[in-house]
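only geometry, no sequence info:
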């Protein structure tokens with residue numbers, strides 16, 4: 001690394017025409033610049049400069065060596081400029097992981113304006129319900145739901161989405177309308193996990209609570225699958241209200257026990273680290289935060 005530094009000093013001396021001028025550019029003293037050139041000549045065992053009281057001229061070896069040093073300096077400057085671009089403007093590939101059930105129009109509304117405003121930015125979306133290794137998969141940020149336990153990651157709380165007990169009209173026509181949480185025990189439960197039993201906490205009028213142990217007739221680890229089984233009239237499931245808003249409006253799903261509310265689900269934006277975030281990540285976090293809170 002010291003040799004690279006000396007090569008950069010040498011190239012600057014040649015470009016500026018003197019050690020004094022190079023010292024001003026480099027923020028060094030003229031004697032320190034002279035020392036770096038002397039060490040470079042000692043290490044290469046070649047004389048690079050002819051020194052007179054009036055000027056510096058390159059030796060034949062110095063002229064050849066300068067071309068390589070100038071290329072190294074130019075590449076270093078390009079790398080520094082590239083880092084500045086990544087820090088200050090959203091460019092490069094943005095890699096985002098999100099739950100499978102997250103509405104595509106939410107992501108489009110949040111990220112399409114960002115992509116439109118910055119032609120140098122590209123997007124790769126990875127939809128997973130299971131938690132993937134953000135570092136190994138080179139994920140810039142992930143949208144995750146529920147409590148975040150991995151202390152090696154940085155989780156930014158964004159918003160709570162309400163959860164609703166949902167049922168299709170066809171199923172309700174068969175089992176009849178229910179008015180109390182205890183009646184859920186007699187219905188077919190579609191659980192969002194592979195465990196057969198699930199505990200459900202409901203909060204109702206006058207701060208009352210009901211905690212139920214429900215046996216899943218259908219259990220799966222994908223929210224879209226639970227939704228499809230619910231739409232097919234196979235039972236009752238928990239669904240995030242923002243994701244099923246249109247289905248509720250069309251009457252394809254009904255909110256069961258509307259006066260009793262399950263615990264909301266927290267949404268988080270997770271990144272591998274907090275500091276030194278490139279601009280593409282900072283811009284994406286802010287865009288997603290605004291749309292997740294407003295959706």
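Received it, and whenever you're ready, just let me know what you need. Since we're looking at a predicted model, the values are computed, not measured.

Which secondary structure state is assigned to residue 139?
Following DSSP: H, G, I helix; E, B strand; the rest coil, we place residue 139 in the coil state.

and it, what pLDDT?
As summarised for this prediction, residue 139 has a pLDDT of 93.

Tell me, how many residues neighbour it?
Per other Cβ atoms under 10 Å, the neighbour tally for residue 139 reads 20. The way it works is simple: take the backbone N, C-alpha and C, and place the C-beta from them, glycine included.

In contact with it: list those residues for me.
95-97, 126, 132, 272 (Cβ atoms under 8 Å, 6 or more residues apart in numbering).

got the contact list for the nearest residue to residue 168 once chain neighbours are set aside?
Of all residues not flanking residue 168 in the chain, residue 233 sits nearest, at 4.5 Å (Cβ to Cβ, 6 or more residues apart in numbering). Counting by Cβ under 8 Å, 6+ apart, residue 233 makes contact with 168, 170-171, 174.

same for the helix or strand containing residue 11, what does it pack against?
Using DSSP states H and E, residue 11 sits in helix 2-16. With contacts taken as 3 or more Cβ pairs under 8 Å, 6 or more residues apart in numbering; DSSP states H and E, helix 2-16 sits against helix 19-26, helix 30-44, strand 56-58, helix 60-88.

between the ones you listed, which gets nearest to residue 106?
Closest approach to residue 106 among the helices and strands packed on helix 2-16 (Cβ to Cβ): helix 60-88, 26.3 Å.

All the strands of the stretch 151-295 of the chain, in order from the start?
Here the stretch 151-295 of the chain has its strands, by DSSP state E, counting those that start in this stretch, at 154-161, 163-167, 189-191, 197-203, 209-219, 237-240, 254-255, 261-262, 265-271.

Packing partners of the longest one?
Just to be clear, that refers to strand 209-219. Contacts defined by 3+ Cβ pairs under 8 Å, 6+ apart place strand 209-219 against strand 189-191, strand 197-203.

what is the mean pLDDT for stretch 242-261?
Mean predicted lDDT for stretch 242-261 stands at 95.

can you list the domains in this structure?
2-88, 92-161+266-294, 163-263 (automatic domain parsing).

Lowest average pLDDT across those?
Confidence, taken as mean pLDDT, is least for domain 2-88 of these (a mean of 80).

Burial check on the nearest residue to residue 235 once chain neighbours are set aside, number of neighbours?
Using Cβ to Cβ, 6+ apart and skipping the chain neighbours, the partner closest in space to residue 235 is residue 188 (3.2 Å). Using other Cβ under 10 Å, residue 188 is surrounded by 20 other residues.

Many thanks, I have nothing further to ask.
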